[in-house]
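Asks: please find the sequence and the predicted model below.
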There are 2 protein chains.
Amino acid sequence: MKNLNPNVSVDCVIFGFDNEKLNVLLIEQKLERGKSQLALPGDLILDDEGLDEAASRVLKELTQLEGIFLKQFKTFGNPDRVSDIKDLEWLQSYREHPQARVITVAYLSLVKMGDFEPAASSFAERVFWCDLKELPCLAFDHNDILDEALYRLKEDFENKKTGFELLPEKFTLSHIQKLYEIILGKKLDKRNFRKKILKEKLVTPTNEKQQGVLHKPARLYEVNPEELMVQNEA
Amino acid sequence: MKNLNPNVSVDCVIFGFDNEKLNVLLIEQKLERGKSQLALPGDLILDDEGLDEAASRVLKELTQLEGIFLKQFKTFGNPDRVSDIKDLEWLQSYREHPQARVITVAYLSLVKMGDFEPAASSFAERVFWCDLKELPCLAFDHNDILDEALYRLKEDFENKKTGFELLPEKFTLSHIQKLYEIILGKKLDKRNFRKKILKEKLVTPTNEKQQGVLHKPARLYEVNPEELMVQNEA
């Protein structure tokens, strides 16, 4: 029998990028009488495991995903975060101490959706990618956790260019502008964006151009790893 | 009787700036037979308080400091973090469940030392500012927590210019260079630094010069709040 810590859990916010939009990985938890609730993948930690380890284990147990880098970003400890009436039934069905206060350590990751194939297991009845623009009401304070994760994701993208690994090896300036627009969640002015990105020297032109397109082929660029490193170390 | 959560604590890393160096606020905890140990101010949370609230309460209880903005930066949950033999005596003297695993939510702040006058209370026998260059061995994993706090402080300073509020209203370029050097913990090349800082437009020249100095008076600058805001929002 696993020895769970009744007071501490982990929750994972896995953002999935599909070249068109940002999605988040959700699980469906089954309740009685055909009801269910949606949540981020998360569970109590074992009393003898580290936090990073717990996050990887819980993600794998619920979604079968593994090998994903999970970054701890914030701990949520509102004393009432698991006492909402909407969450009572699930807690009573699955937790040994449904009344216990639970503090949750939240992790985030950003992956290319095509690289991972989630599959529901354990108490997850279903696992699916949900378009961030069509978010339902989630269990506990998971909507707040998700909001904060998105804020941190944008911050890391702007400060550390986390997310540049989502680009193909060679890409057009329109392609990278789209990446920025999807992650930052806003339209950018084409001319200003190009000026800025070229000035930062994070990408450099190759001698190649797009092939097999109907319009005038655009130049292909690649990430400048040295400049990316310098800016992150600065 | 306060109802403490046996599994979750908060720890506060308060950096103090004194125009010359960075210091950190430590407490001395008394043990039997005249022995003692040094630690960051921290304690278990109450079962009915939020995490930010707990951090402020604990800091005040141990050091009498209040009104300090505390930023949560990381949660430490190594399963063995409070089981080192060196920490046993203190845990047995002060904790109801000395064997319990404790996960700690760590907070940090950066203050002007002169603005705050700490005073020991509760189980803190003594409270003092310790030069970061002369750090002793601390209780539990507090040296690791401090290392991580310092890393985050530098990151925030570079990305968000947190720490610019330590400058006086008007300052010379040498003054701001010193602030950078103290927080980043390294010497900077004067010429490159000036070029960079002026290019970023974070500070703008005033029409005033230094007064009452023996050398050639240097121009005074002030922070450009608009540019600071733009860079943080970018």
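Replies: Perfect, I can see it now.

Asks: near chain B, which residues of chain A?
Replies: By CB under 8 Å from any CB of the partner chain, the residues of chain A that approach chain B are A:5-8, A:45, A:47-51, A:54, A:72, A:74-79, A:101, A:103, A:105, A:158-159, A:234. From N, CA and C alone the C-beta is placed, and that goes for glycine too.

Asks: in PyMOL, how would I select just the buried ones from these?
Replies: Per 16 or more other CB atoms under 10 Å in any protein chain shown, the buried members of those correspond to this PyMOL selection:
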select buried, chain A and resi 5+6+7+8+45+49+50+51+54+72+74+75+76+77+78+79+101+103+105+158
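
Asks: so which of the residues of chain A next to chain B sit within strands?
Replies: Among the residues of chain A next to chain B, the residues falling in strands (DSSP state E) are A:Asn5, A:Pro6, A:Asn7, A:Val8, A:Ile45, A:Gln72, A:Lys74, A:Thr75, A:Phe76, A:Ile103, A:Val105.

Asks: look up how far B:Cys12 lies from the nearest residue to A:Ile103 once chain neighbours are set aside.
Replies: In this structure, A:Ile103 finds its nearest non-sequential neighbour in A:Gly77, 4.2 Å apart by CB to CB, 6 or more residues apart in numbering or on different chains. For A:Gly77, the distance to B:Cys12 (CB to CB, to the nearest Å) stands at 15 Å.

Asks: try A:Leu198
Replies: A:Leu198 sits at a distance of 44 Å from B:Cys12 (criterion: CB to CB).

Asks: just A:Phe171 next, same as before
Replies: The spacing between A:Phe171 and B:Cys12, counted by CB to CB, is 45 Å.

Asks: any idea of the mean pLDDT in stretch A:35-42?
Replies: Stretch A:35-42 shows a mean pLDDT of 94.

Asks: the bottom helix or strand of chain A by mean pLDDT?
Replies: Lowest on mean pLDDT, DSSP states H and E among the helices and strands of chain A sits helix A:225-233, with a mean of 67.

Asks: contacts for the longest helix seen in chain A next, please.
Replies: If you go by DSSP state H, chain A has its longest helix at helix A:142-160. Outside helix A:142-160, the residues within contact range by CB atoms under 8 Å, 6 or more residues apart in numbering or on different chains are A:11, A:13, A:15, A:24, A:39-40, A:42, A:73-74, A:76, A:104, A:106, A:108, A:110, A:132, A:135, A:137-138, A:162-163, A:180, A:183-185, A:232, B:159, B:234.

Asks: what about burial for those residues, which qualify?
Replies: The neighbour-count test (16+ other CB under 10 Å) applied to these identifies A:11, A:13, A:15, A:24, A:39-40, A:42, A:73-74, A:76, A:104, A:106, A:108, A:110, A:132, A:138, A:162-163, A:180, A:183 as buried.

Asks: which of the ones in strands among the residues of chain A next to chain B sits closest to A:Asn192?
Replies: A:Asn192 lies nearest to A:Lys74 out of these, by CB to CB, at 31.9 Å.

Asks: pLDDT score for that closest one?
Replies: 98.

Asks: surely it meets A:Thr104?
Replies: No. With contacts counted by CB atoms under 8 Å, A:Lys74 stays clear of A:Thr104, the gap being 9.4 Å.

Asks: so which of A:Phe171 and B:Cys12 has more stuff around it?
Replies: Neighbours were counted for A:Phe171 and for B:Cys12 using other CB atoms under 10 Å in any protein chain shown; B:Cys12 has more, 26 against 20.

Asks: does that one count as helix, strand or coil?
Replies: Classification of B:Cys12 by DSSP: H, G, I helix; E, B strand; the rest coil places it in strand.

Asks: for it, give me its contacts.
Replies: B:Cys12 makes contacts with B:Leu25, B:Leu40, B:Pro41, B:Gly42, B:Ala55, B:Val58, B:Leu59, B:Leu70, B:Ala106, B:Tyr107, B:Leu108, B:Ser109, as judged by CB under 8 Å, 6+ apart.
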